[in-house]
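A.B. asks: how would this look folded up:
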Amino acid sequence: MMATNSLSTRLKEERKRLGMTQQEIADKVSITRETWSRYESAKIAPGSEVLLNLVNLGVDTNYILTGVRIIPIDSLSRSSVLTTAEETGTYKAGVQLTQQELELIYCYRKVSEDGKKSIEDIAKLLATQQAKQ
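C.D. replies: A predicted model of the protein is given here:
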């Protein structure tokens, strides 16, 4: 049997997060319920085709494979981003972000390309000015 925070455990967590039964998720990724059950009981591991199908369902495959969540800020509301980040304490590859940093990322991703350029220019200008002080 695998460790508590194993790939099999994370597969089950993600299935439950999506509110699906083993049969429902198996149907969505074109496998049998028995095969899915074997994934969750750590008897076999899903292949790349199943993982790609899981991505299309909204499963965080980075979390499935590594145990580290990547927060998809574009697909979440601002409050969800902050709540999720507070729960996990991390954003992508274990880098700690503050609430202010998460809000900045949220806003950055919501503006136009011109807006992004302006934000970048202002940030660089401020960093340069403060480095001189």
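
A.B. asks: What residues sit buried inside the host helix or strand of residue 125?
C.D. replies: In this assignment (DSSP states H and E), residue 125 forms part of helix 113-132. Buried residues in helix 113-132, counting neighbours by 16 or more other C-beta atoms under 10 Å, are absent. Placement of C-beta: from N, CA and C, glycine included.

A.B. asks: So what touches that helix?
C.D. replies: 107-108, 111 (C-beta atoms under 8 Å, 6 or more residues apart in numbering).

A.B. asks: try it again with 10 Å
C.D. replies: Residues outside helix 113-132 that contact it (C-beta atoms under 10 Å, 6 or more residues apart in numbering): 104, 107-112.

A.B. asks: roughly how far apart are the residue in the chain sticking out farthest from the centre and residue 28?
C.D. replies: Using C-alpha atoms, centre = their mean, the residue of the chain lying farthest from its centre is residue 133. It sits 38.3 Å away. Between residue 133 and residue 28 the computed distance is 56 Å (C-beta to C-beta, to the nearest Å).

A.B. asks: What strand or helix carries the closest residue to residue 59 other than its chain neighbours?
C.D. replies: In space, and not counting its chain neighbours, residue 59 is closest to residue 14: 4.7 Å by C-beta to C-beta, 6 or more residues apart in numbering. For residue 14, the host element (DSSP H and E) is helix 7-17.

A.B. asks: Thanks a lot, catch you later.
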